[in-house]
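Engineer: 3D, please:
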Amino acid sequence: MIGKHVKGTSFRGLLNYLFGKEGARQIGGNMEGTNPRELAAEFGISRRLNPKVSRAVYHASLSLPHDESLDDDTWHEIAQKYLQEMGFEMNQYVVVRHIDRTHDHAHIAASRIQLNGITVSDSWDNPRSEAVIRKLEKEYNLQSVQPSWEKDQHSPTTGERRQLARTGEESVRVKLQRSLDKATYDHPTMPELIKKAQKDGISICIGYSRTGKIKGISYKLDGVAFSGTHLGKAYTFPGLQKYRDVSYIPKRDDKRIQKLMERNVENNTLTVSSLLDDNDIQIEQSVDDSTTQAKEDIELLQKLIEQPIENATAAVTQTNYLPTPEPANWEQVRQNLHQQYNLPIPLLNELYQKGWLYPNQTGQPVFVERTLDDVSTLAKQLEPTGYFTAIPLNSEATKNGSFWIATDTTVTRAVLLSDPIEVLSVIALESTVDKKQRQSTLYWSVSSHEQIPLEFLQSLDTVVIAFKDHEEVEDLISDILAELPQAKKVSPGQAGWNKLLTDRKQPMKKHQFTQTLDWEL
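Structural biologist: From the prediction side, this is the model:
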């Protein structure tokens, strides 16, 4: 059984989603209401008992493998036991069963505020949830499903498997994963984890922003370094806390962390050159030096490659890097994007000039993900198959990074989309609408809940969820609807918005694309 849960702010938004699915039915709970309006009013009773709690909504989904199924009574019983084990003893709740997918699943909507006014603790709720699910699987003879944190470590690559078969030696990346799994088994504090790792010959570097906030984490073994993102979600700084129960309290731990990093095994400065060969970080000067524009491109992209991040620890510096660009490939990449995806050339040129899109040395387009503060967090390389390959930066990506474009410095509307191509496709489609009718909009690509700038989106009147139809995004959509009651869902179908754009009889010509829009940072 797979369990997912999220905390939110809007009971009505969550209930509208749960009851809005075709075939949805209420199969249990301890409330009188039978529809979203009645139930939301009832949930208001517990909310008023402790109005200081902003995230009073608890939403859990429990899913079975495709070959298992339960009756309504058993589902209700499992939901009750799940809530009890998670500390919900005097709480309002309702259980809704969905039949919109091929696997059997049920949803729980509950109030985190008990009827005595006390709020249910969310301390270590992810590992507690996993433990409860394992217990319920045994009790009801259900298939045991891999815990979520185990799924969030990157599997060995084909090359790594071949190396193991050929030499009997695991790759450095796999060694790091195994060592960190062992070191986090007893739920240590962050300084304790660093100390354990150092005994195993592993250097851990934690980067801090100018304001003293954690920027990311990286690991080094046998002279080879990896960011936490490269090892998998469970090894990022927030992932260690979420999936491995590593305890981190800034006031308690930061000074100790900095002292430990000064005593790192090799005490080397972590730079781009420690991760890549020199040849990999040089821009090939293959463009004619007499071409002024080419020189400007090289200078612009060189600045884009290396963006130093100040670290609170003087002995350690971290440098973001992006895949090496090749300006000589831009015309071909731009033409391919225009012909294959019908994207307007003026828009592509604008992105290239801003450094948000550029060609790499193999002639593939690279899209740059950024925070709302315009800090680069990740590169996404568009493959010939149409899929994207994520390329983590040396400094770990912050959770709010995304490929995004805003049509003004002040936006009143946000459109959430599946990937960079979908972002550009919707911009191209909406650019044909009369300018007087257009709203200033933030177009934001989303592949995980961590990428959603919730605080910012909650301030907007209009949020449009416009993902491609796919089973994997249903839970993400439900999370967003629970967090953002003003959000509305529209669907372009499985093919996406780009299919609508490319179905036009003629490619978009320069005059068809409204160039008066200013793509602001």
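Engineer: hey, let's count contacts and neighbours off CA atoms from now on
Structural biologist: Will do.
Engineer: okay, which residue is most central for this structure?
Structural biologist: S448 (3.5 Å; CA atoms, centre = their mean).
Engineer: for it, which non-adjacent residue is spatially closest?
Structural biologist: Using CA to CA, 6 or more residues apart in numbering and skipping the chain neighbours, the partner closest in space to S448 is L476 (7.1 Å).
Engineer: same thing with N360?
Structural biologist: P325 (4.3 Å).
Engineer: could you list the low-pLDDT ranges of the chain?
Structural biologist: Within the chain, the segments meeting pLDDT under 70 span 146-169, 210, 263-322, 393-400, 434-436, 471-472, 505-521.
Engineer: circling back: and the helix or strand where the residue nearest to S448 lies, what does it pack onto?
Structural biologist: Assigned by DSSP states H and E, L476 belongs to helix 474-483. Under the contact definition 3 or more CA pairs under 8 Å, 6 or more residues apart in numbering; DSSP states H and E, helix 474-483 sits against strand 2-8, helix 11-20, strand 487-489.
Engineer: pick the most buried one from these.
Structural biologist: Scoring the helices and strands packed on helix 474-483 by mean neighbour count under mean count of other CA atoms under 10 Å gives helix 11-20 as the most buried, with a mean of 21.
Engineer: can you name every helix or strand that that helix contacts?
Structural biologist: By 3+ CA pairs under 8 Å, 6+ apart, helix 11-20 packs against helix 36-49, strand 105-111, helix 474-483.
Engineer: now do the helix or strand just after it against strand 105-111, angle only.
Structural biologist: Next helix or strand after helix 11-20 toward the C-terminus (DSSP H and E): strand 25-29. Counting by axes from the mean of the first three to the mean of the last three CA atoms, to 10 degrees, strand 25-29 lies at 50 degrees to strand 105-111.
Engineer: hmm, back to that, hang on, the residue nearest to S448 packs against E450?
Structural biologist: No - contact criterion CA atoms under 8 Å: L476 and E450 do not qualify, at 10.2 Å.
Engineer: how long is stretch 23-41 end to end?
Structural biologist: With CA to CA, to the nearest Å applied, stretch 23-41 spans 23 Å between its terminal residues.
Engineer: helix, strand or coil for K215?
Structural biologist: Per DSSP: H, G, I helix; E, B strand; the rest coil, the local secondary structure of K215 is strand.
Engineer: now for it, how many residues are close by?
Structural biologist: K215: 20 surrounding residues under other CA atoms under 10 Å.
Engineer: go ahead and confirm it touches S227.
Structural biologist: No - at 11.4 Å, K215 does not count as touching S227 under the criterion of CA under 8 Å.
Engineer: any chance of CSV for the helices and strands packed on helix 474-483, columns distance to E262?
Structural biologist: Shown next, in CSV, are those (distance: least, CA to CA, whole Å):
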stretch, distance to E262
strand 2-8, 38
helix 11-20, 48
strand 487-489, 47
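Engineer: run the chain-centre distance for stretch 65-81.
Structural biologist: 30 Å (CA atoms, centre = their mean, to the nearest Å).
Engineer: ok, and what's touching it?
Structural biologist: 1, 27-29, 95, 97, 102-104, 106, 108, 136, 142-143 (CA atoms under 8 Å, 6 or more residues apart in numbering).
Engineer: again, only using 6 Å
Structural biologist: Contact with stretch 65-81 is made by 28, 103-104, as judged by CA atoms under 6 Å, 6 or more residues apart in numbering.
Engineer: out of these, which are buried?
Structural biologist: 28, 104 (16 or more other CA atoms under 10 Å).
Engineer: which SSE is R173 in?
Structural biologist: R173 belongs to helix 172-183, assigned by DSSP H and E.
Engineer: now the following helix or strand past that helix against helix 172-183, angle please.
Structural biologist: Reading on from helix 172-183 to the C-terminus, the next helix or strand found by DSSP H and E is helix 190-199. Put simply, helix 190-199 runs at 130 degrees to helix 172-183, going by the same axes, to 10 degrees.
Engineer: which is the next helix or strand following the helix or strand hosting E455?
Structural biologist: Assessed by DSSP H and E, E455 sits inside helix 454-457. As assigned by DSSP H and E, the chain's next helix or strand after helix 454-457 is strand 462-465.
Engineer: by contact count, what packs against that following strand?
Structural biologist: Under the contact criterion of 3 or more CA pairs under 6 Å, 6 or more residues apart in numbering; DSSP states H and E, strand 462-465 touches strand 413-417, strand 487-489.
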